[in-house]
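> here is a sequence with its predicted model. Questions after.
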Amino acid sequence: MSADVLRMSAASLAAALAGKQITAEEVTRVFLERIRDVDPQIHAFLRIDEEGALATAREVDRRRDGGENLPRLAGVPVAVKDVMTTVGMPTTVGSAILDGWEPPYDATIVAKLRDNLMPILGKTNMDEFAMGSSTEHSAYGPTRNPWDTDRIPGGSGGGSAAALAALEVPLALGTDTGGSIRQPAAVTGTVGVKPTYGSVSRYGLVALASSLDQAGPCARTVMDAAMLHEVIAGHDPRDSTSLPDPVPDFVGAARRADVGGVRIGIISELTGDGYQAGVMQRFTEAVETYRGLGADIVEVSCPNFSYALAAYYLILPSEASSNLAKFDAMRYGLRVGDDGIATVEQVMARTRDAGFGAEVKRRIMLGTYALSSGYYDEYYGQAQKVRTLVQQDFDAAFEQCDVLISPTCPTTAFRLGEKLEDPLAMYLNDIATIPVNLAGNAALSLPVGLAPEDGLPVGLQIIAPHRQDQRLYNAGAALEAALEDQWDRPFIEGLQ
Ligand code: GLN
């Protein structure tokens, strides 16, 4: 039974729980045991909350036995990226500067998990302050890819993605500022969604770049992502950028799974040169699958996407340098060198020197420079103009298409250490995911098989216009169902 539970989708777990074929406590125990067995090799988790998770599970069982009508995902365990504040569990953001910090409040999306009676198994590992594409920048050591433990699980949300791929949890939360949900999903053979900016609350997320950050669902199937997305979406008066829209029927869209007559655009700038052969092969096959399902395939050009990466690496560090100014040894976490003689400035400097890792320092310096007087117009101002051009490219493309597609990233999972000393090579991994963050619209990554040359998962990205996230679920579920017949889910079968 426990092997079955591990491999079940969240949707089938929810059904088994509702039908009383299994109790929430049993389900939670199976996953906790799996974490104990495999996490020493994977290191997806920074903290496990066994007691808290079991308490929620028992409450679910008690209320269900009492005949109560419970939320759809009640009793289905979930993991939370360590960028989200949680009462009763520290929130470190993968940084030494917040080591052991216990937030006094829950992020809105964490509170929603609790309201939905989902046992929270623990907090997942991430690149420090969500800066990175490999989880190697975590101050607590890297997470490993369950497909090959010498490889990276993507980043910054490598912990959530690896936990899903290693069957340690059926659902997880992530954040995506430049691809940190989609790229880890792609390289671990899982599903990740970056919702429309403002449609999921950012309250209680430790900010990286506030105009780009967006939380979203991580799962193993498109339907599971849709279900979790419905739980976390919706207006939040505590987030001033929160949209007032009602939550769309994502589950209904995933159930529809019909791309007949849907216009799907291939973004020519995000294919071809620079993309691994096996990634392109699986992508091209997926396009043919879509064609076979009755979609109209068109080719679109988004010429300004070639400047998106450069603009992002000015806008993100600028916002980050400002957001991270509050980690000053006075208010949160670490304090170094406060010997009674040192000045406040010295304590701040020593703490930031000891508490931040190299990548965080690099970006603070980049951002401070880009914002400095005399350079503001040349760098930050210029990058904002590119941002507008990227948005206009999307607007033009969506006049011809209902959704756009591309590979999620140029390669499969690279080796640990391979890009650590070469920040630019690391940044280039985000080439296909970043335009969406700059424009604020929605995108999903789903697995489309394994690259023949290395046997590692390949992800396909589906992009929808603002506030049309449901299109991701319709198009994603249609492809997922077709690939299941074709490949018998190699992305699940390949797991040890
Ligand atoms: N890899 C990207 C970066 O390093 C994305 C980060 C993110 O989405 N949090 O900035």
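Yep, that arrived. Predicted model, so just to flag it, every value in this text is computed and none were measured.
> how about the strands of the stretch 351-496 of the chain, start to end?
With DSSP state E, counting those that start in this stretch as the criterion, the stretch 351-496 of the chain has strands at 403-407, 442-450, 457-464.
> Ala233: which of the ones you listed is closest?
Closest to Ala233 of the strands of the stretch 351-496 of the chain is strand 442-450 (Cβ to Cβ; 10.9 Å). The way it works is simple: take the backbone N, C-alpha and C, and place the C-beta from them, glycine included.
> and that closest one, average pLDDT?
Averaging pLDDT along strand 442-450 yields 96.
> and stretch 131-145, by the same measure?
98.
> pull out the buried residues from that stretch.
Neighbour-count burial for stretch 131-145 flags 131-140, 142-145 (criterion: 16 or more other Cβ atoms under 10 Å).
> ok, of those, which one's closest to the ligand?
Nearest to the ligand among those: Ser133, at 4.0 Å, using Cβ to the nearest ligand atom.
> that closest one touches Gly157, doesn't it?
No. Using Cβ atoms under 8 Å, Ser133 is not in contact with Gly157, being 10.2 Å away.
> how about the residues of the protein by the ligand?
Contact residues, the chain versus the ligand (Cβ under 6 Å from any ligand atom): 130-133, 155-156, 176-180, 208, 316, 430.
> just the closest of those residues to Gly75, please.
Closest approach to Gly75 among the residues of the chain next to the ligand (Cβ to Cβ): Asp176, at 27.0 Å.
> check contacts around the closest one.
Counting by Cβ atoms under 8 Å, 6 or more residues apart in numbering, Asp176 makes contact with 157, 182, 192, 194, 213-216, 433, 437.
> got any residues that touch both of Ser133 and Gly157?
Counting by Cβ under 8 Å, 6+ apart, the residues touching both Ser133 and Gly157 are Ser180.
> from Ala139, how far off is the residue lying closest to Thr412 once chain neighbours are set aside?
Leaving aside its sequence neighbours, Thr412 sits nearest to Leu456 (Cβ to Cβ, 6 or more residues apart in numbering; 3.7 Å). According to Cβ to Cβ, to the nearest Å, Leu456 and Ala139 sit 27 Å apart.
> in a strand, Gly132, correct?
No. Under DSSP: H, G, I helix; E, B strand; the rest coil, Gly132 falls outside any strand and is assigned coil.
> hang on, the earlier thing: my guess is the residue nearest to Thr412 contacts Pro146. True?
No. Leu456 lies out of contact with Pro146 (Cβ under 8 Å); the separation is 11.1 Å.
> who's more crowded, these two?
Pro146 (26 against 23; other Cβ atoms under 10 Å).
> check whether that one really touches Ala165, as I assumed.
Yes. Assessed by Cβ under 8 Å, Pro146 is found in contact with Ala165 at 4.5 Å.
> and Asp239, helix, strand or coil?
coil.
> who's in contact with the residue nearest to Lys123 when sequence neighbours are not counted?
Nearest non-adjacent residue to Lys123, counting by Cβ to Cβ, 6+ apart: Asp82, 4.2 Å away. Neighbour list for Asp82: 46-47, 91-94, 123-126, 159 [criterion: Cβ under 8 Å, 6+ apart].
> format these as JSON lines; extra columns: secondary structure.
Shown next, in JSON lines, are the contacts of Asp82 (three-state DSSP):
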{"residue": "Leu46", "secondary structure": "strand"}
{"residue": "Arg47", "secondary structure": "strand"}
{"residue": "Thr91", "secondary structure": "coil"}
{"residue": "Thr92", "secondary structure": "coil"}
{"residue": "Val93", "secondary structure": "coil"}
{"residue": "Gly94", "secondary structure": "coil"}
{"residue": "Lys123", "secondary structure": "strand"}
{"residue": "Thr124", "secondary structure": "strand"}
{"residue": "Asn125", "secondary structure": "coil"}
{"residue": "Met126", "secondary structure": "coil"}
{"residue": "Gly159", "secondary structure": "helix"}
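> what's the closest of the residues you listed to the ligand?
Taking Cβ to the nearest ligand atom as the measure, Met126 is the one of these closest to the ligand, at 8.2 Å.
> do you know the pLDDT at that closest one?
98.
> surely it is in contact with Gly158?
Yes. Using Cβ under 8 Å, Met126 is in contact with Gly158, at 6.9 Å.
> joint contacts of these two?
Residues within reach of Met126 and of Gly158 at once, by Cβ under 8 Å, 6+ apart, are Thr135.
> who's more crowded, those two?
More crowded of Met126 and Gly158, by other Cβ under 10 Å: Gly158, with 38 against 32.
> among the residues of the chain next to the ligand, which one has the most neighbours?
Neighbour count (other Cβ under 10 Å) singles out Ser180 as the most crowded of the residues of the chain next to the ligand, with 36 neighbours.
> where does the residue nearest to that one when sequence neighbours are not counted fall, helix, sheet strand or coil?
Leaving out its chain neighbours, the residue that sits closest to Ser180 by Cβ to Cβ, 6+ apart is Ser156, at 4.2 Å. Using three-state DSSP, the structure places Ser156 in coil.
> look up how far Arg220 lies from Ser156.
20 Å.
> now swap in Thr289 and tell me
20 Å.
> more crowded one of the two?
Neighbour totals were compared for Thr289 and Arg220, and Arg220 leads with 27 against 19 (other Cβ under 10 Å).
> who are the neighbours in contact with that one?
Per Cβ under 8 Å, 6+ apart, neighbours of Arg220: 9-10, 164-165, 170, 190-191, 492.
> surely Asn69 is within a strand?
No. Judged by three-state DSSP, Asn69 forms no part of a strand; its state is coil.
> what is the neighbour count of it?
Using other Cβ under 10 Å, the number of residues around Asn69 comes to 8.
> repeat for the one 3 residues further on
As a burial measure, the neighbour count of Arg72 was computed by other Cβ under 10 Å and equals 16.
> and it, which of the three is it?
With three-state DSSP as the basis, the three-state label of Arg72 is coil.
> and stretch 143-158, how far out from the chain's middle?
13 Å (Cα atoms, centre = their mean, to the nearest Å).
> and that stretch, how far apart are its ends?
Start and end residues of stretch 143-158 are separated by 6 Å (Cα to Cα, to the nearest Å).
> and if you look at stretch 198-217?
For stretch 198-217, the end-to-end distance is 15 Å (Cα to Cα).
> Ile315 against Arg387, yeah?
Yes. Ile315 is within contact range of Arg387, at 6.7 Å (criterion: Cβ under 8 Å).
> pull up the overlap in contacts between those two.
Jointly contacting Ile315 and Arg387 under the rule Cβ under 8 Å, 6+ apart are Leu438.
> mean neighbour count for the strands of the stretch 351-496 of the chain - can I get that in CSV?
What follows is those, written out as CSV (neighbours: other Cβ atoms under 10 Å):
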stretch, mean neighbour count
strand 403-407, 27
strand 442-450, 28
strand 457-464, 28
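> which residue of this structure lies farthest from its centroid?
Distance from the C-alpha centroid of the chain, by Cα atoms, centre = their mean, peaks at Ile341 (44.0 Å).
> out of the contacts of Arg220, which are inside strands?
Judged by DSSP state E, the subset of the contacts of Arg220 located in strands is Val191.
> min pLDDT across the contacts of Arg220, which one?
Among those, pLDDT bottoms out at Ile492, giving 45.
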